[in-house]
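[1] quick one: sequence plus predicted model below, questions after.
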Amino acid sequence: MTRTCVALPIAADHPAFAGHFPGRPIVPGVVLLDETLHAIGASTGIELARCTIASAKFLSPVSPGESVALCFEAAANNSLRFELSSGERIVATGSIRLQE
């Protein structure tokens with residue numbers, strides 16, 4: 001699998017913003033990971049039930065309405081490596097292990 005990049009749409013009115021954090025909302029990490037898994041599944045046809053998040057590192061907050069790009073590629077040991085970015089800024093990195 002070559003490196004694949006797709007837009008990661010997160011609605012500016014996502015319900016998670018109401019409680020995360022009032023006055024200065026950011027996209028919760030769990031929302032970024034959920035959207036990442038769904039986008040990888042849609043792009044590759046891999047069933048979400050086969051995916052386990054092996055690691056995730058959040059480097060920078062994402063604000064409501066901010067554009068996020070997901071890039072991912074195959075890695076060793078039946079896994080995928082991913083990176084989320086907004087413009088030139090990397091906001092998260094991690095890996096997903098694929099179950100047989």
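    Okay, I see it.
[2] and the pLDDT at the residue nearest the centre of the chain?
    In the chain, the C-alpha closest to the average C-alpha coordinate belongs to residue 36, at a distance of 3.2 Å (C-alpha atoms, centre = their mean). At residue 36, the model reports a pLDDT of 96.
[3] shaky segments in this protein?
    Per-residue confidence of the chain (counting by pLDDT under 70) places the weak regions at 1.
[4] go with 80
    Applying pLDDT under 80 to the chain flags the ranges 1, 19-22, 100.
[5] going along the chain, name the strands of it.
    Using DSSP state E, the strands of the chain run over 4-7, 51-58, 69-75, 79-86, 89-98.
[6] strand partners (parallel or antiparallel) of the last one?
    According to DSSP bridges, the neighbouring strands of strand 89-98, each with its direction, are strand 51-58 (antiparallel), strand 79-86 (antiparallel).
[7] buried residues, the first one. List them.
    Neighbour-count burial for strand 51-58 flags 51, 56, 58 (criterion: 16 or more other C-beta atoms under 10 Å). Quick note: C-beta positions are derived from backbone N, CA and C, even for glycine.
[8] tell me the one of those nearest residue 98?
    For the buried residues of strand 51-58, the closest approach to residue 98 (C-beta to C-beta) belongs to residue 51, at 6.4 Å.
[9] looking at it, that closest one is touching residue 94, isn't it?
    No - between residue 51 and residue 94 no contact is recorded; they are 11.5 Å apart, counting by C-beta atoms under 8 Å.
[10] so which of the strands of the chain is nearest residue 27?
    Distances from residue 27 to each of the strands of the chain were compared using C-beta to C-beta; the minimum, 8.7 Å, belongs to strand 89-98.
[11] quick one, that closest one and strand 69-75 angle?
    Going by axes from the mean of the first three to the mean of the last three C-alpha atoms, to 10 degrees, strand 89-98 is angled at 40 degrees with respect to strand 69-75.
[12] and for strand 89-98, what's in contact with it?
    Among residues not part of strand 89-98, those counted as contacts by C-beta atoms under 8 Å, 6 or more residues apart in numbering are 29, 32-33, 36-37, 40, 46, 50-62, 68, 75, 77-85.
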